[in-house]
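Visitor: Need coordinates for the following:
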Amino acid sequence: MHTVRRRRSSAPAAVLLAAVFLAGCAGAGGSGGGEPELGPVEADPATAGLSFPMDAYTDTEAERIRMGQVQQTLVSRCMARYGFTYEPVRPAEPAEPTGGEGAEDRHRYLFGLADPVRAAAHGYDKSAGSGTPAKPAAPQLSDSAYVVMNGEQPGARGGTAPDAATEEEAAQLDSGLTAAGQKVPAGGCAREGYRKLYAPTRDSVDLLFAFGLASEAHDRSKQDSRVVDVLKKWSACMDKSGYGGIRTPYDVVDKLGLDEDKAGPKAVTAAKADVACKRQANLVGIWAAVEKTYQERLVDEHAETLALYKKQREARFKLAASLA
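Guide: Reported below is the predicted structural model:
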């Protein structure tokens, strides 16, 4: 038996508490075109307390780590069929929370830096305190193991080997490769592990479908007049704080030339002003309320596909439980 080792990593996030509610702003339009009406608008909410419709269709950090382990288990079982022992290393445990941070905050940077504690401690350094290990090197494979893992010969031009989008389709596709007297699956064990977990049948919804809808809602929210207005207020506040010409929170690091020192004194000072201006304008509260309405609209528009996606996601969790 040959041994192949691969390491995986994890990246925890912070958890904060939610704040109080205010009366919402009103806009034009319902579920169709135009700007949707807003529900309650929170006053300066902590990002960890934010909840969006698409959260029901996306994995938490713990779930992502678990699914990564399951995928690696499926790859291991595939490699074993050909006489190779594949031994993925378990992901590192999350770092202990520091400076008032918790273990999870999936929306921490959705509207740019928003946590005053993190701003004062780390500036714009997103990796600080995350406990994320360096990305592991690719496993060293013998030529025969490489064929089984990747479904192509060493040195082959990437993307030219036969592959399939789903496991159902892969069953009908000949990779043209054999090992240990058996056909190598299309795309190799790496692709088989993915397909068995995320694309077993022809009706499997793309893994990134829910993420794509959330991204679309965010893009739509950027054009909403209420977000445009609150960004102008935030920008004017930043100007008064000595940081002129910055239109959005996503531009701060680049505009101020902080890429090489995101946690230094200059970055920390700017980060504190940034968060203070967000609070003064209630940027997070208003933008979150706007974004929620666009997510609700997209959930309604894609209800049938999302229902199938949710059913398939639950099936993945059941598969994970069966492999435990």
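Visitor: Please make it C-alpha for all contacts and neighbour counts, starting now.
Guide: Will do.
Visitor: I'd like to know which helix or strand in the chain has the lowest mean pLDDT.
Guide: When the helices and strands of the chain are scored by mean pLDDT, DSSP states H and E, strand 21-22 comes last with a mean of 28.
Visitor: Excluding sequence neighbours, find me the nearest residue to the spatially most central residue of the chain.
Guide: The centre of the chain sits closest to Phe211, judged by Cα atoms, centre = their mean, with a distance of 7.6 Å. The shortest distance from Phe211 to any residue other than its chain neighbours is 7.2 Å, reached at Thr58 (Cα to Cα, 6 or more residues apart in numbering).
Visitor: three-state assignment of the residue nearest to the centre of the chain?
Guide: Counting by DSSP: H, G, I helix; E, B strand; the rest coil, the backbone at Phe211 sits in helix.
Visitor: That one against Asp59, yeah?
Guide: No. In this structure, Phe211 is not within contact of Asp59 by Cα atoms under 8 Å, at 10.1 Å.
Visitor: on that earlier part again, on contacts alone, who are the packing partners of the helix or strand just after the least confident helix or strand of the chain?
Guide: Next in sequence after strand 21-22, counting helices and strands by DSSP states H and E, comes strand 41-42. For strand 41-42, the packing partners by 3 or more Cα pairs under 8 Å, 6 or more residues apart in numbering; DSSP states H and E come out as strand 21-22, helix 283-301.
Visitor: List the strands paired with strand 41-42, with their directions.
Guide: strand 21-22 (antiparallel) (DSSP bridges).
Visitor: low pLDDT regions in the protein?
Guide: Scanning the chain for pLDDT under 70 picks out the ranges 1-32, 89-103, 129-138, 158-159.
Visitor: now the strands for it?
Guide: 2-7, 21-22, 41-42, 84-89, 178-179, 182-183 (DSSP state E).
Visitor: Show residues contacting the fifth one.
Guide: Read that as strand 178-179. Applying Cα atoms under 8 Å, 6 or more residues apart in numbering, the contact partners of strand 178-179 are Tyr82, Ser144, Val148, Val184.
Visitor: Could you tell me how many residues sit around the spatially closest residue to Gly112 that is not a sequence neighbour?
Guide: Residue nearest to Gly112 in three dimensions, not counting chain neighbours: Pro249, with 5.2 Å by Cα to Cα, 6+ apart. Number of residues near Pro249 (other Cα atoms under 10 Å) recorded here: 21.
Visitor: Next, the contact list for Pro249, please.
Guide: Phe111, Gly112, Leu113, Asp274.
Visitor: quick one: which of those is most hemmed in?
Guide: Asp274 (26 neighbours).
Visitor: Not counting sequence-adjacent ones, nearest residue to it?
Guide: Spatial nearest neighbour of Asp274, chain neighbours left out: Met238 (6.7 Å); criterion: Cα to Cα, 6+ apart.
Visitor: Quickly note the distance from the one you found to Asp229.
Guide: Separation of Met238 from Asp229 (Cα to Cα, to the nearest Å): 14 Å.
Visitor: So which of those two has more stuff around it?
Guide: Neighbour count, other Cα under 10 Å: between Met238 and Asp229, Met238 has more, with 24 against 14.
Visitor: mind listing what that one touches?
Guide: By Cα under 8 Å, 6+ apart, the residues touching Met238 are Gly244, Ile246, Ala273, Asp274, Cys277.
Visitor: TSV for those, including distance to Ser175?
Guide: Shown next, in TSV, are those (distance: Cα to Cα, whole Å):
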residue	distance to Ser175
Gly244	58
Ile246	53
Ala273	57
Asp274	54
Cys277	57
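Visitor: So among the residues you listed, which ones count as buried?
Guide: Ile246, Ala273, Asp274, Cys277 (16 or more other Cα atoms under 10 Å).
Visitor: Keep only those of these that are in helices.
Guide: Ala273, Asp274, Cys277 (DSSP state H).
Visitor: between those residues, which is closest to Asp44?
Guide: Cys277 (10.9 Å; Cα to Cα).
Visitor: Hmm, the closest one is touching Cys237, no?
Guide: Yes. Between Cys277 and Cys237 there is a contact under Cα under 8 Å: 5.6 Å.
Visitor: Kindly check the end-to-end length of stretch 112-123 for me.
Guide: OK, stretch 112-123 end separation, Cα to Cα: 12 Å.
Visitor: Relative to the whole chain's centre, how far out is it?
Guide: Chain-centre distance of stretch 112-123: 20 Å, with Cα atoms, centre = their mean, to the nearest Å.
Visitor: which of the residues in that stretch are buried?
Guide: So stretch 112-123, judged by 16+ other Cα under 10 Å, has buried residues Gly112, Leu113, Ala114, Asp115, Pro116, Arg118, Ala119, Ala120, Ala121, His122, Gly123.
Visitor: Next: stretch 224-240.
Guide: Under the neighbour-count criterion of 16+ other Cα under 10 Å, stretch 224-240 has 224, 226-228, 230-238 buried.
Visitor: Next: stretch 301-318.
Guide: Leu306, Tyr309, Lys310, Gln312, Arg313, Arg316, Phe317.
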